Structure formats: structure tokens, C-alpha cells
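Trainee: Need coordinates for the below:
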Amino acid sequence: MTTRTFLITGVSSGLGRAFAQGALAAGHTVVGTVRRAGDLADFEALAPGRAHARQVDVTDDEAVFAVVGEVEKTVGPIDVLIANAGYGHEGVFEESSMAELRAQFEANVFGVAATVHAVLPGMRERRSGHIFAVSSMGGLMSVPGLSYYCGSKYAVVGMMESLAKEVAGLGVKVTIIEPGSFRTAWAGRSMVRSERSIADYDEFFGPIREARQAASGNQLGNPQKAAEAVLAVLDAEKPPVHLVLGSDALRLVANGRAAVTADIEAWEELSRSTDFPDGHQIASN
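Mentor: Numbering: from 1, shown residues only. Next up, the predicted model:
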């Protein structure tokens, strides 16, 4: 087995922690980012000499670039990035503030973009590397009450799909991780929830919020198995651009995409009617 140097953002808990533990158990070196200084020693104790912790807020672009530069000088070239740091926001769209939307995108979208920007030049120059970006099944379908979160994850999918095509000939691989519900604190203490304020949504959204809170800690997905799946993809000759994890994600993504296909097919004639007769088709990749 080839040992690699990983950079994984958000390793204090959840899937980020599981990804880091899986990579360390497989013999790799892992640099993990945390937001709190108190988490530094705890992470490095997982595998002294191979687990390296760095404190950084991924919404701080300059800090992200500085950490990546320092890691490549002191630990070594980054072979694998798992851009995982982020959080979930729950709230009916109308009840959720614009400040909450900006904060959600700062972490989930701009944090991912900054980290990928920081590692990409080295990978491109070496003609080697694998970028994993953690999106969600909510980046391929939508769930009521998670409009800001799904919006951020759709943005990650769009960016990374385009990036995968741009770097395909440069030796850099891109995989978007799209998990379903995993047994982490994502829907519990880690989730930001907008205050309820509009009675018209009570009957619809009240049960959804209660069900999500009740399910926290009992989700179907096993984080350790998610880490094993990522490592399996890392060694694949032709890794996927989309890696959907969890049977619930398979079902919900399939249903969501089928609904999109149904709309396209039902309105195909109207869609075609908007063309100029002498126009040119856009080349596809």
C-alpha cells in the first residue's frame, strides 16, 4: 500500500474525525484542522508522529492558504484533501435570516473553495493528487427545512463537477462525497436552528423538526464505514466524481433526480420552443 499525506478539515468530531481515524489506521499521515486550541493535542494523540493538528477557521481565506503552505513545507506534499469542515442549518426559508444564509455559505462553500484553491497548485504541478469535497445527499436533492444547507451543498456539487473536468488531464482526481444521514452530532448539538416565528408553518414544519431531533444519534449511517468507503475510492483506478454514501441517500437522491427528469420530460416541447432555428448547440463534455 502506498502511504499518503492527507489534509482533512474539521476533524474534531463527526465524519471528519472518522475520515481521519480511518486514514491513520491505514498507516497514512493526516494533518487535521480544528477550530479550538483545546482540540489540538487530542487529535495528535490519535497517532503520535503521524497525526498533526492545525488550528484554523476555514472561513478565513488567508489562514487557510498559510496553513497549507506551512504543512507542505514541514510535513510534506499534500496527496489527499478531504474538505469536510462545515455545519448544518435548519429552518424554514422565510424564517431564516440573510445573516444565517451568508454564514452557511461562508463555511460550507467558501471554506471548501479556499481549501481546494490552496492545495490545487501543488497537486497540479506534481500531476498527482485526489481532492474530496464533502457535500451531502442534499446537494443532489432537497429537503424542506434545510433550504440554506441544501443550497450550500448544491453549490459544492456544481463547483466540484466543473473542477473535475478542468483537471482531468492534469493528474488530479476529484470526488464529491454525498452522505446520507450518519450517526454524528450533525442534527443535534452541531446544527444551527432558526427560531420559529411564523404560525403558518407550524403544522407543516413542527413535525419535521421534531422528527429530525428525535432521529439524532440513531441515524442509519456508520461513520467508520464511510471512512472505509473513501479509502476504497482512493485506491480505485477510476474513482467516481460522485460518491453517494448510505442506503437512505441512494433512495432519496434517486427519487429527487427522478422528479427533475419528470419535469424535463413533461415540459420538453415548451423547452425546445425557445430556440432560434439557426442557433448553435453548446458542446457537451
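
Trainee: Poorly predicted segments of this protein, please.
Mentor: Along the chain, segments meeting pLDDT under 70 span 1, 185-188, 284-285.

Trainee: let's go with 50 and repeat that
Mentor: Applying pLDDT under 50 to the chain flags no residue at all.

Trainee: my guess is residue 119 contacts residue 129, does it?
Mentor: Yes: at 7.1 Å, residue 119 counts as touching residue 129 under the criterion of Cβ atoms under 8 Å. Placement of C-beta: from N, CA and C, glycine included.

Trainee: Overlap in contacts, the two.
Mentor: Common contacts of residue 119 and residue 129 (Cβ atoms under 8 Å, 6 or more residues apart in numbering): 78, 81.

Trainee: count of residues packed around residue 172?
Mentor: When neighbours are counted by other Cβ atoms under 10 Å, residue 172 registers 20.

Trainee: hmm, I was thinking of residue 244
Mentor: Residue 244 has 21 nearby residues by other Cβ under 10 Å.

Trainee: now residue 121
Mentor: By other Cβ under 10 Å, neighbour count at residue 121 equals 11.

Trainee: And it, how close does it get to residue 65?
Mentor: 10 Å (Cβ to Cβ, to the nearest Å).

Trainee: and what of residue 238?
Mentor: Distance from residue 238 to residue 65, by Cβ to Cβ: 31 Å.

Trainee: Could you do residue 42 as well?
Mentor: From residue 42 to residue 65 the distance is 25 Å (Cβ to Cβ).

Trainee: As a check, name the ranges of all strands in the stretch 1-150 of the chain.
Mentor: 5-9, 29-34, 51-55, 80-83, 89-90, 129-134 (DSSP state E, counting those that start in this stretch).

Trainee: ok, and what's touching the shortest one?
Mentor: This means strand 89-90. With contact meaning Cβ under 8 Å, 6+ apart, strand 89-90 is reached by 96, 100, 103-104, 145-146, 148-149, 187, 191-194, 209, 212.
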